[in-house]
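Asks: sequence and predicted model, in that order:
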Amino acid sequence: MKRLFFLMAIIGCTILNSCGVYSFTGANVEGKNINFHTLDNRARNVVPSLTATLTDKIRNRILSQTGLAPTNSDEADYDISGAIIAYNVSVTGVQNTQTASLNRLTITVQIDFVNKKNPKASFKQSFSRFSDFAATQALQNVENQLIEEIGKQLADDIFNKAFVNW
C-alpha cells in the first residue's frame, strides 16, 4: 500500500511539473524571476502616493501568487513596466436633474508586460477601473480608500492577463 502511494505521488509530481509550475490560482508560470519598474505618473491629476500604491499592489499580487523572485536585472524572465495615464473624477449619478448624487473615480494604467520565456504572451494594454462615492463626500476624505480598492482590482486584472490569460 505504501509503494502504491509513493508511486502515485511520483506520477502526480511528474505530471504537474511537465506543464510548468502549477499554481492553485490557475497561474501558468514558466520563469523564475520578474523585474518590476515603478509606474510613471502621466495623468493630468497627480496624487503623490498613487505611483507607489499602484506599483506595490501589482508587485504584491504577482509575487504572492506566482512564487517568482523579484530582481532588478534586465535578464529577468518577466519584465513589467507602465504608466498611470488617467486619474479622473466624474459625475455618474444625478438626483432631481440638477444635483449630483454619485461621483466616480476612474484610474487607468497602461502596462507593458514582457514574457521572455514565451514572447507571444507579452502584451501592452491599458487597464481601467473605477469606484463610485457619494457626491456629498469630499474626494480628499475617501481618496485613499478608493485608491486602495481600485488598485486591488487593477492588480487582479494585470495578474490575470499576464499569468492566467483571462
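Replies: Nice, thanks for sending it over. All values derive from a computational prediction rather than experimental measurement.
Asks: so residue 85 sits against residue 110, correct?
Replies: Yes: at 5.1 Å, residue 85 and residue 110 qualify as touching, with contact defined as CB atoms under 8 Å. Glycine gets a C-beta too; all of them are placed from N, C-alpha and C.
Asks: joint contacts of the two?
Replies: Common neighbours of residue 85 and residue 110 are listed as residue 126 (criterion: CB atoms under 8 Å, 6 or more residues apart in numbering).
Asks: partners of residue 78 in the sheet?
Replies: Beta bridges link residue 78 to residue 34, residue 115 when assigned by DSSP bridges.
Asks: quick check: buried residues in the lengthiest helix in the chain?
Replies: Criterion DSSP state H: the longest helix present in the chain is helix 139-159. Applying a neighbour-count criterion of 16 or more other CB atoms under 10 Å, one finds 142-143, 146-147, 150-151, 153-159 buried in helix 139-159.
Asks: and residue 136, its phi and psi?
Replies: phi -80, psi -10 (degrees, to the nearest 10).
Asks: got any ranges where this structure has weak pLDDT?
Replies: 1-26, 94-100, 166 (pLDDT under 70).
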